[in-house]
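Student: Curious how this folds, go ahead:
(chains A, B, C and D)
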Amino acid sequence: MKLINDVLDKQLIDRDCRKCGRVDGIVIELREDEPPRVAAIECGFAVCARRVSERWERFAVVAGKRLGVRKSPRYRIAWEKVLDTGLDIDVDIDSEDAPPLAWEKWIREHIFAKVPF
Amino acid sequence: MKNIGQVALGVITGIGGFLEIGTMATSAEAGAAFRYSLIWSVVLGTICLIFLIEMSGRHAAISKHSLAGAVRERFGFPFVVVPRAAELIVNLLLLGAEIGGVCFAIKLLTGVPIQLIAIPIGIIIWILIWLGTLDGIEYGTAALGMLAIAFVVAAVKYHPPLHELARGFAPAMPHHDAAHYWFLVISIIGANVSPYMLYFYSSGGIEDEWDEKSLGTNRLTAILGMGFGAATAITVIICSAHVFEPLGIRIDHYEQVAFVLVPAFGKWGVPLFAIILGVCCFGAATEVSLASAYSLAQSLGWNWAEDDKPQREARFALTYTVMLFFGGVIMATGIDPLKLTMLTMGLTAVVLPLAIIPFIIIMNDEKYMHEHTNGPIGNTVVVFTIVLTAIVALVTIPLEIMGGS
Amino acid sequence: MEIRAELLLGRQVVDVNGKHVGHIEELIAEERGGETVIVEFHAGRGAMAERMSAHGVAMIFLGIFGARRRGSQKPYRINWRDLDLSDPQHPRTTKPVDELAR
Amino acid sequence: MRGAVLLLITLALFLACSKQPDAGKQLRTAQSWHATIDLVSDALHRGKVTAKYAKQVAEVAQEELAKEGGDDHESHVAIEAARALRAETEKRR
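Tutor: Model (predicted):
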């Protein structure tokens, strides 16, 4: 399996087939005398920003805190939860209450709740 | 039967979607300043557009993946940030110009100043998208866009000299005002080949669940739809050349353009122009705001679908809401719609290469396209379009300084 | 110690004598004993450079994209044991470049 | 990254303040608006356009000609024509 070509930046699909972000980062654990292990995948604005430059990352973290929707600007999904890496990445999580869709819920409750129709 | 319906949709979208504020302004100005000698740039822009639209549709039908998503997956996040940001800025300005077109049409009919109705128009478009479905919007605005046939009727009534008209189809050097001539060529290409059309068409293909069987229809739709659209744009040039050029009138404001149908339809000329402009810009405004929401949502992996209830994809819905609000605000500042339109056409030309370069890669990626990757002809046209738009992008800035617009 | 694959991507790799090897293009992973582990790193001219290079475009033009890369163009396939990632910003191989497999 | 953003900003500035009205252009603008005024007032008299539309054209013409600030003969004639058309439309309403 090619990690960059087949996993990085691919679309994440949760348990009930909802899109819940993209693989913004892949965490690898280095070990003594053993091959490095793929530990988890990460998504979040800070992770994306980090790939552009550190300054963007600091900006993303600060902005995230001030808006305070997500608890942390990085959301890590254990590699074991990744079920399939075809064109999209199916992950065994219920994204409804998990951080990836935190923004969706916040907008729904705070902004769209006020729309009469 | 489904395919015929799809072709009809394509043709209607072509006419309705093609003729928007950018095409109207650039065609009217081209006709008034250079009679028929700029028709070739409409044809050139349309040929590139037909290939790119066909590829976008084919990509949607085969890979079931969006354009913006595929570009992110192939090139990674850092590559996508600059093009996407640039496109969103240009789309916002274009949205402002489209809303300006709708407001101007209402001002023509009722005399209400543009600043007052800019934000209300934005809200009305937002309500339509919020409640409506993609097909509803596409069919509705495009069907009304058929009114643009009035330009064809007018052009026939003005019976232009055919030999001069034919000469206009061949690229030629300008006899006077070279800066203005080349800036109009750039603006026409910018108006015809706008990135938002590609994202809107590709996302529409996915929402309508096209598949391998739709490929034939997709090609027919691209050719007929964009072809009819280009024909309408050419008739605007013909009408403008007939009415304005002999009197030496240069287009500086939409008030002047509004007169173009009067010689053909008498006192129905101005109202008809207002309805056509208003409807086409209204349709284009919905397409631009949706296309921006599509491309952002697909790049970041959000849930997106116009046919879903907005609550189910809050961030997608929020994007077009914010776009429409700021589009209305831009117009409320009282900026002149025509100046904003020409500025946007120039900027579109600069952003164009960023949007088209990825085509050469994703259209040849077997993982997505299986055996439907581009043939040598398709690749030749894409490489040609990239080179053309790159030159256009580089030339726009100095041309602008020489007062081309 | 943890490193991030997306930050490793594109990093320049030098060999034990400091000679340029290439830019990290790909990480090959395999299932081993219930774990997914990295067995190989590919360092070549960089995925982006390859696509945008004249060679890349020429391949596209002929419609046979990326099917065959000429010998000299092939990326180095560095086994995980031969790559020192103590400083992720500057990966180094523990062998001279000419001993690396292509 | 920074370069790209800077480019976009400078580009927008260039595009925004790029026009310098030179003499030739002023003359052509005056002639263009004069011809527009004649065209519209003729259509007004033949009942081909409404007074409301003619008034809008007259207002825009006056605005544009004032902005050009041409003080040659052609500009004065055009400004006068625009003023006359405007008066005409206000009388009709």
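Student: those strands in chain C, which residues are they?
Tutor: C:2-4, C:12-14, C:20-32, C:35-44, C:76-79, C:83-84, C:92-93 (DSSP state E).
Student: again but with chain A, I slipped
Tutor: Using DSSP E, strands in chain A cover A:11-13, A:19-22, A:25-31, A:34-43, A:75-78, A:82-85, A:89-91.
Student: Pull out the buried positions in the third one.
Tutor: If you call a residue buried by 16 or more other CB atoms under 10 Å in any protein chain shown, then strand A:25-31 has these buried ones: A:25, A:26, A:27, A:28, A:29, A:30. C-beta here means a position set from N, CA and C on the backbone, and glycine is covered the same way.
Student: same check, this time on the longest one
Tutor: Using 16+ other CB under 10 Å as the test for burial, strand A:34-43 gives A:35, A:36, A:37, A:38, A:39, A:40, A:41, A:42, A:43.
Student: Quick check: the second one touching residue C:38?
Tutor: Right, residue A:36. Yes: with contact defined as CB atoms under 8 Å, residue A:36 and residue C:38 form a contacting pair (4.6 Å).
Student: joint contacts of the two?
Tutor: Residues touching both residue A:36 and residue C:38 by CB atoms under 8 Å, 6 or more residues apart in numbering or on different chains: A:28, C:80.
Student: who touches residue D:37 in this structure?
Tutor: Counted by CB under 8 Å, 6+ apart, residue D:37 has contacts D:57, D:58, D:61, D:78, D:81, D:82, D:85.
Student: could I get those residues as CSV with secondary structure?
Tutor: Formatted as CSV, those follow (DSSP: H, G, I helix; E, B strand; the rest coil):
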residue, secondary structure
D:57, helix
D:58, helix
D:61, helix
D:78, helix
D:81, helix
D:82, helix
D:85, helix
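Student: Quick check: the farthest pair among these?
Tutor: D:57 and D:78 (12.5 Å; CB to CB).
Student: Make a markdown table from the strands of chain C and add mean neighbour count, mean pLDDT and distance to chain A to it.
Tutor: Output for the strands of chain C, formatted as a markdown table (neighbours: other CB atoms under 10 Å in any protein chain shown; pLDDT from 0 to 100; distance: least, CB to the nearest CB, whole Å):
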| stretch | mean neighbour count | mean pLDDT | distance to chain A |
| --- | --- | --- | --- |
| strand C:2-4 | 15 | 89 | 5 |
| strand C:12-14 | 17 | 89 | 15 |
| strand C:20-32 | 19 | 88 | 4 |
| strand C:35-44 | 20 | 89 | 4 |
| strand C:76-79 | 19 | 86 | 9 |
| strand C:83-84 | 17 | 88 | 9 |
| strand C:92-93 | 20 | 88 | 14 |
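Student: Of all those strands, which one is nearest residue A:67?
Tutor: So among the strands of chain C, strand C:2-4 is nearest, using CB to CB, at 24.1 Å.
Student: Would you check that residue B:367 makes contact with residue A:6?
Tutor: No: using CB under 8 Å, residue B:367 makes no contact with residue A:6, being 9.0 Å away.
Student: in chain A, which spans are helices?
Tutor: All helices of chain A, identified by DSSP state H, fall at A:3-6, A:45-52, A:54-67, A:102-110.
Student: The last one: which residues count as buried?
Tutor: If you call a residue buried by 16+ other CB under 10 Å, then helix A:102-110 has these buried ones: A:103, A:104, A:106, A:107, A:108.
Student: the inter-axis angle of that helix versus helix A:54-67?
Tutor: Note on geometry: by axes from the mean of the first three to the mean of the last three CA atoms, to 10 degrees, helix A:102-110 and helix A:54-67 are set 30 degrees apart in direction.
Student: and helix A:102-110, what does it pack onto?
Tutor: helix B:314-332 (3 or more CB pairs under 8 Å, 6 or more residues apart in numbering or on different chains; DSSP states H and E).
Student: hmm, the helix or strand just after the helix it packs on in reach of chain C?
Tutor: Heading C-terminal from helix B:314-332, the first helix or strand you meet, by DSSP states H and E, is helix B:337-362. Yes: Helix B:337-362 lies within reach of chain C by CB under 8 Å from any CB of the partner chain, at B:360, B:361.
Student: tell me the SS of the residue of the stretch 301-405 of chain B found nearest chain C?
Tutor: Closest residue of the stretch 301-405 of chain B to chain C, CB to the nearest CB: residue B:364 (4.1 Å). Using three-state DSSP, the secondary structure recorded for residue B:364 is coil.
Student: what do you get for residue B:371?
Tutor: Using three-state DSSP, the three-state assignment for residue B:371 comes out as coil.
Student: What residues does the stretch 251-400 of chain B have near chain D?
Tutor: Counting by CB under 8 Å from any CB, the stretch 251-400 of chain B comes close to chain D at B:252-253, B:255-256, B:258-259, B:262, B:266-267, B:269-270, B:343, B:346-347, B:350, B:397, B:400.
Student: now chain A
Tutor: A:52, A:53, A:56.
Student: Now tabulate these in a markdown table and tack on neighbour count and pLDDT.
Tutor: What follows is the residues of chain A next to chain D, written out as a markdown table (neighbours: other CB atoms under 10 Å in any protein chain shown; pLDDT from 0 to 100):
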| residue | neighbour count | pLDDT |
| --- | --- | --- |
| A:52 | 15 | 86 |
| A:53 | 13 | 85 |
| A:56 | 18 | 85 |
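Student: Using CSV, lay out the residues you listed together with distance to residue A:74.
Tutor: Formatted as CSV, the residues of chain A next to chain D follow (distance: CB to CB, whole Å):
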residue, distance to residue A:74
A:52, 15
A:53, 17
A:56, 14
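Student: Among the residues you listed, which one sits closest to residue B:56?
Tutor: residue A:52 (27.1 Å).
Student: wait, isn't that closest one in contact with residue B:78?
Tutor: Yes: look at residue A:52 against residue B:78 with CB under 8 Å: they come within range, at 5.2 Å.
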